[in-house]
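Chemist: sequence? don't have it. structure:
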């Protein structure tokens, strides 16, 4: 009893203040969470729309699909279906992430309706080195991914960036960042394809 | 104005300007080096970081000053950390909700304000020993001093690395037919160290001259 009394006497202020601060953070979170989520969704759709030109809207095809990161950790992500003006499926879009050179890289990857070709990727979050790693956001690197087969990609140091094949030419001076993007796509595209196939949303088995 | 209030207004003025020059957190106390080096690639993120630090500094100084008489000496650091972490979390949420672009650019450096020495230093050295008004003025002085320093460093680096300031082109860069060749190194960590080193040297030279005078 004496020990409890001593504990309360010593730490009552910390307990009270922590409780008040907890409430303050909860209130701020409740007030702004909707806006934060909306910002993330807007950014996702803007990037996805840029790569799926036919898409007029997006709907969630698989909510919180369970995927495994390269380190074996399980993450949940929404797989979105792009709807064209005629109501048909224009493609699929989902976000995936991995370790870059400076920080985590999070991208939006889009594929065609049959999951045969990659239609592109866009950076959702990237803090790579300005002038070097951040070139993964530039068209000359991103265009290499447009229209290539949605299979295993390989990073090469020299080659023809214009050639539409599974060989991606690394950015000079930013091999780690270039490799990170290729690794992310290789790691997640296959998993997402399997999830869509298991739900009967994609029948192609190439 | 009575003598007492004159003395007080003089103290407030001194406290406010202390953070701008005599005890500038970056140039004189060398505190908060992590954001100083990391977010000064351009003026916009530097300004956002500076304003976030002002918010956290003012709020934490207010809370610490109010509870200063109740603080147990051995629990004070824990109290300061809880207080600072709360306001940093609120600032982080605010940036994510209303300035998402800046929040992404600043990345982990906003949550890292929790371990920024300036804030814990002012809580310990000023707010835990002074009245509410003095604590607020001190927080504003130190915060504005930190923000100005960050913006000056960022201004120099942004102009030299892109030829622009606030993303508005100032110098005619060579790739667009102009004369200025952007220094890519200025946007990298090496640029931050060189600029900070030169600024510190300049501030020391000015101080030496002031002391001799």
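Modeler: In hand now; what should we look at? Please read all numbers here as calculations on a predicted model, not as lab measurements.

Chemist: what's the single longest helix in chain A?
Modeler: Assignment by DSSP state H gives helix A:2-51 as the longest helix of chain A.

Chemist: Oops, could you answer that again for chain B instead?
Modeler: If you go by DSSP H, chain B has its longest helix at helix B:132-162.

Chemist: who's in contact with the strand or helix carrying residue B:205?
Modeler: Using DSSP states H and E, residue B:205 sits in helix B:189-212. If you take C-beta atoms under 8 Å, 6 or more residues apart in numbering or on different chains as the criterion, helix B:189-212 is touched by B:24, B:26-28, B:36-38, B:40-41, B:152-153, B:156-157, B:160-161, B:183, B:185-186. Backbone N, C-alpha and C define where each C-beta goes, glycine included.

Chemist: For the helix or strand containing residue B:15, what does the pLDDT average out to?
Modeler: Here residue B:15, judged by DSSP H and E, is contained in helix B:3-18. Throughout helix B:3-18, pLDDT has a mean value of 72.

Chemist: now swap in stretch B:104-112 and tell me
Modeler: Here stretch B:104-112 scores 89 as its mean pLDDT.

Chemist: can you tell if it touches chain A?
Modeler: Yes: under the criterion of C-beta under 8 Å from any C-beta of the partner chain, stretch B:104-112 makes contact with chain A via B:104-105, B:107-108.

Chemist: Apply the buried test to the contacts of helix B:189-212 and list what passes.
Modeler: Buried by 16 or more other C-beta atoms under 10 Å in any protein chain shown: B:24, B:26-28, B:36, B:38, B:40-41, B:152-153, B:156-157, B:160-161, B:183, B:186, out of those.

Chemist: which one of those residues is nearest chain A?
Modeler: Ranked by distance to chain A (C-beta to the nearest C-beta), the buried ones among the contacts of helix B:189-212 are led by residue B:41 at 6.1 Å.

Chemist: doesn't that closest one fall inside a helix?
Modeler: No: counting by DSSP: H, G, I helix; E, B strand; the rest coil, residue B:41 is not found in a helix; it is coil.

Chemist: how many other residues sit next to the residue lying closest to it once chain neighbours are set aside?
Modeler: Nearest non-adjacent residue to residue B:41, counting by C-beta to C-beta, 6 or more residues apart in numbering or on different chains: residue B:187, 5.3 Å away. Per other C-beta atoms under 10 Å in any protein chain shown, the neighbour tally for residue B:187 reads 23.

Chemist: Now residue B:163: phi and psi?
Modeler: For residue B:163, the backbone dihedrals (degrees, to the nearest 10) come out as phi 80, psi 10.

Chemist: Could you pull out the helices in chain A for me?
Modeler: For chain A, the helices defined by DSSP H occupy A:2-51, A:139-142, A:175-198.
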